[in-house]
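>>> After the sequence you'll find the predicted model.
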Amino acid sequence: MRDYCLTELKQLITDIVGKKNILVDEGDTYFYRKGIRIGAGSACAVVMPKDLIEFWQVIRVCVEFDKIIIIQAANTGLTGGSTPDGDDYDRDVVIINTLKLNQLILLNQGLQVLAFPGTTLYQLEDRLAPIGRGPHSVIGSSCIGASVIGGVCNNSGGNLVNRGPAYTELSLYARLNDEGNLELVNHLGIELGNHPEEILKNLISSNFNINQISDSLHLASDSQYKERVRDITSSIPARFNSDRRRLYEASGCAGKIAVFAVRLDTFPKPSKEQVFFVGSNDPTKFTTLRKKILSDFIRLPDMGEYLHRSYFDGSAKYCKDTFLLLKYFGTSSLPRLLYLKRSLDNMANSISIFPDNIGDKALQFISELLPNHIPKRIREYREKYDHYMLFVASDEGIEEMEQLLLQQSKNETDFEFIRCTKLEGDDVLLHRYVAGAAPARFGLLNPGDSGGLLPLDVALPRNCDSWHKLLPQSILDKMSESFQMGHFLCMVFHWDFVIKKGENIEELKKDIFRILKENGAKYPAEHNVGHIYKAENSLVEFYEKLDPTNSFNSGIGQTSKNKFYK
């Protein structure tokens, strides 16, 4: 009976999306079922709808056949939250990949936007650039190609302090109510009709006045964040995934509802920007710098990023191919490259004589043949220092930033800064941008040294001064490699560890989480719980309210994978 039902399910979905847009073979579905860093599981089908109406119809069929639905876009999640996790679900899993649903609508001459499930962050940035506007974030810590809605669903923070993390209270989404009935909820603040397919048809065709959208009492960005981050005496982190302040429908939902569109604010781009690169061997000097900036500055820097030498070197060695591709061909070339690499890996996996991960190995080999891509002055700092800061200041904030750096460099030894040229600034920002891929590439290329990845996404209290020495050497000695960087003004850090073979990753996590809890940290900070972290009670309550039947992304945050959370 089960096989018969699956056959019928697949045929009905095929009738909706076409044969080319449903994958059922294990080899074909592998790269949708496996996380970019961790996690993998079973799925009976991967479906790629071509528009929002097909998306709705596929969800409706999956609900009718009582399937678990996992929705993913670029599958860039660091914690495995956009893929299945294991094979112990009580129902079949259907993955719906939304990358083809990448429509983007500018509202009120671009003051706001409507982003669809497959709209990417770099697509949004490119569309806004000609009109002098920008999105909430222009650089990801590790998620090249990430979707806008994925950022909203996972409270992604980005690193533009004055704009705040991804957040909106204006969305269009599907959910299963307490009675198990599927409903489409329109909270965009835009009149689109009364029935699901009517609403979706009007949205797809922009059948409303896109330049006369009424203001809403609901937020389309976290407008309070730049004041919250200034409170450097607070023992509570500035932002974290379980923060009740920023759990609202699509925002923070972690895929427990199916989000069709979000309405977001955009931001005016500055007329002038300046990148400063700072080096020191004493991280406490950065703590002093941070306190002065957040306490005294009239205009905060747009960005304040910390980079340890581990991530500087990791990015230089393992992310060079991505750096060069983005620099010379732009972000629009990424989807094609990722598709080609995925196809190559897929072909190699089916032929036993080829090694695993042949795509990454080929790119790494080619990149090592090419000249050093880091600007000379930046390379010189790498030889002198272990800790680096990247500041981006704009307009009237440039002089304020430069004066503080000049003052500190005169008063302190072991502290220097560079006022970057345009080329240096672009390159060092890109170097930081691609760095997040280094741990995964290291693990793939050094399987003999890797017992698994442990990516930690940690929000430290705003008054934390011991950020650079929280983990004892006894824990660090159990790592084959460690990579450290962070959104420093926010006290949000990414500690990405490659565990030594033979070490117990679960025991390590317990020891690390105990230390973090003792120090008032919250985790995860901005990439959501996925399948690494146990969701706090506030998150579990939020998930159960959104999805009472536990049909969307079951098991997220180590919750039950069974229907009704049994």
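Structure received.

>>> Burial check on Tyr533, number of neighbours?
Taking other CB atoms under 10 Å as the neighbour definition, Tyr533 ends up with a count of 23. All C-beta atoms are positioned from the backbone trio N, CA, C, and that covers glycine.

>>> measure it to Met491 for me?
Counting by CB to CB, to the nearest Å, the gap from Tyr533 to Met491 is 18 Å.

>>> what's the nearest residue to Ser280 if we skip its chain neighbours?
Computed as CB to CB, 6 or more residues apart in numbering, the closest residue to Ser280 that is not its neighbour in sequence is Phe415, at 4.8 Å.

>>> the helices in the stretch 51-200 of the chain, which residues?
Taking DSSP state H, counting those that start in this stretch, the helices of the stretch 51-200 of the chain run over residues 52-64, 121-128, 148-153, 196-204.

>>> Other residues contacting the shortest one?
By that I understand helix 148-153. With contact meaning CB atoms under 8 Å, 6 or more residues apart in numbering, helix 148-153 is reached by 73-74, 76-77, 82, 98, 115-117, 119-121, 124, 135-137, 143, 156, 158, 166-168, 171, 250-255, 259, 261-262, 264, 528.

>>> Mind checking what helix or strand follows the helix or strand of the chain with the lowest mean pLDDT in sequence?
Least confident helix or strand of the chain, by mean pLDDT, DSSP states H and E, is helix 334-349 with a mean of 68. Of the helices and strands lying after helix 334-349 in sequence (DSSP states H and E), the nearest is helix 358-368.

>>> Show me which positions of that following helix end up buried.
Within helix 358-368, the residues that count as buried by 16 or more other CB atoms under 10 Å are Ile358, Gly359, Asp360, Lys361, Leu363, Gln364, Ser367.

>>> give me the low-pLDDT residue ranges for the stretch 401-550 of the chain?
For the stretch 401-550 of the chain, not a single residue meets the criterion pLDDT under 70.

>>> Show me the helices in it, by range?
Counting by DSSP H, counting those that start in this stretch, one finds helices in the stretch 401-550 of the chain at the ranges 422-434, 438-445, 473-476, 505-518, 537-546.

>>> which of those helices sits most buried?
Most buried of the helices of the stretch 401-550 of the chain by mean neighbour count (mean count of other CB atoms under 10 Å) is helix 438-445; its value is a mean of 22.

>>> what's in contact with that helix?
Residues outside helix 438-445 that contact it (CB under 8 Å, 6+ apart): 36-37, 311, 314-315, 317-319, 356-357, 360-361, 364, 450, 452-453, 455, 481, 483, 496-498.

>>> coming back round to it: closest one of the buried residues of helix 358-368 to Gly555?
Nearest to Gly555 among those: Asp360, at 28.2 Å, using CB to CB.

>>> how about the helix or strand hosting Tyr328: buried residues?
Assigned by DSSP H and E, Tyr328 belongs to helix 320-329. Judged by neighbour count (16+ other CB under 10 Å), helix 320-329 contains these buried residues: Lys320, Asp321, Thr322, Phe323, Leu324, Leu325, Leu326.

>>> and if you look at stretch 175-188?
Arg175, Leu176, Leu182, Leu184, Val185, Asn186, His187, Leu188.

>>> Output that stretch as PDB, restricted to C-alpha atoms.
C-alpha atoms of stretch 175-188 as PDB (Å, rounded to 0.1, in the frame of the first residue of the first chain):
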ATOM      1  CA  ARG A 175       0.500  26.600   7.300                       C
ATOM      2  CA  LEU A 176      -1.500  23.700   8.700                       C
ATOM      3  CA  ASN A 177      -3.800  24.800  11.400                       C
ATOM      4  CA  ASP A 178      -4.900  23.000  14.500                       C
ATOM      5  CA  GLU A 179      -7.500  21.000  12.600                       C
ATOM      6  CA  GLY A 180      -4.800  19.900  10.000                       C
ATOM      7  CA  ASN A 181      -6.300  22.100   7.300                       C
ATOM      8  CA  LEU A 182      -3.900  23.900   4.900                       C
ATOM      9  CA  GLU A 183      -4.400  27.700   4.700                       C
ATOM     10  CA  LEU A 184      -2.700  30.500   3.000                       C
ATOM     11  CA  VAL A 185      -2.200  33.500   5.200                       C
ATOM     12  CA  ASN A 186      -1.700  37.000   3.600                       C
ATOM     13  CA  HIS A 187       0.000  39.300   6.100                       C
ATOM     14  CA  LEU A 188       1.900  41.300   3.400                       C
END
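
>>> hmm, who's touching it?
56, 59-60, 63, 114, 169-174, 192, 196, 199-200, 218, 249, 257-258, 260-261, 263, 546-549, 551-552.

>>> if we can go back for a sec, please identify the most buried of the helices of the stretch 51-200 of the chain.
Most buried among the helices of the stretch 51-200 of the chain, counting by mean count of other CB under 10 Å: helix 148-153, with a mean of 29.

>>> same question for that one, mean pLDDT?
Mean per-residue pLDDT for helix 148-153: 94.

>>> sorry, back to before: narrow the contacts of stretch 175-188 to those that are buried.
56, 59, 63, 114, 169-174, 192, 196, 199-200, 249, 257-258, 260-261, 263, 546-549, 551-552.

>>> possible to save the buried residues of stretch 175-188 as TSV with pLDDT?
Below are the buried residues of stretch 175-188 laid out as TSV (pLDDT from 0 to 100):
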residue	pLDDT
Arg175	98
Leu176	97
Leu182	98
Leu184	98
Val185	98
Asn186	98
His187	98
Leu188	98
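
>>> Now the two most distant members of those residues.
Taking CB to CB, no two of the buried residues of stretch 175-188 sit farther apart than Leu176 and Leu188, at 20.2 Å.

>>> Any idea how far apart the tips of stretch 304-315 sit?
One end of stretch 304-315 to the other measures 18 Å (CA to CA, to the nearest Å).

>>> now, which of the buried residues of helix 320-329 sits nearest Tyr32?
Nearest to Tyr32 among those: Thr322, at 21.2 Å, using CB to CB.

>>> Would you quantify the distance from the closest residue in space to the closest one that isn't next to it in sequence to Asn21?
Excluding its sequence neighbours, the residue lying closest to Thr322 (CB to CB, 6+ apart) is Val434, at 4.5 Å. For Val434, the distance to Asn21 (CB to CB) stands at 31 Å.

>>> At which residues are the strands of the stretch 51-200 of the chain located?
Remark: strands assigned in the stretch 51-200 of the chain by DSSP state E, counting those that start in this stretch are 68-72, 93-97, 104-107, 112-115, 133-134, 171-176, 182-187.

>>> And for Thr7, the neighbour number?
10.

>>> Residues contacting the helix or strand containing it, please?
Secondary structure assignment for Thr7, by DSSP H and E: helix 2-17. Here helix 2-17 makes contact (CB under 8 Å, 6+ apart) with 22, 24, 44-45, 47-50, 54, 57-58, 61-62, 65, 67, 92, 94.

>>> again, only using 6 Å
The contact list for helix 2-17, computed with CB atoms under 6 Å, 6 or more residues apart in numbering, reads Ile22, Cys44, Ala45, Val47, Pro49, Glu54, Gln57, Val58, Val61, Phe65.

>>> swap in stretch 155-162?
Under CB under 6 Å, 6+ apart, the answer for stretch 155-162 is 136-137, 165-166, 226, 239, 241, 252, 300, 302-303, 305, 487, 489, 492, 526.

>>> before we move on, back to that, mark which of the contacts of helix 148-153 are buried, thanks.
73-74, 76-77, 82, 98, 115-117, 119-121, 124, 135-137, 143, 156, 158, 166-168, 171, 250-255, 259, 261-262, 264, 528.

>>> before we move on, back to that, and the buried residues of stretch 175-188, which is closest to Tyr565?
Proximity to Tyr565 was ranked across those by CB to CB; first place goes to Leu176, at 13.0 Å.

>>> Perfect, I'm done here.
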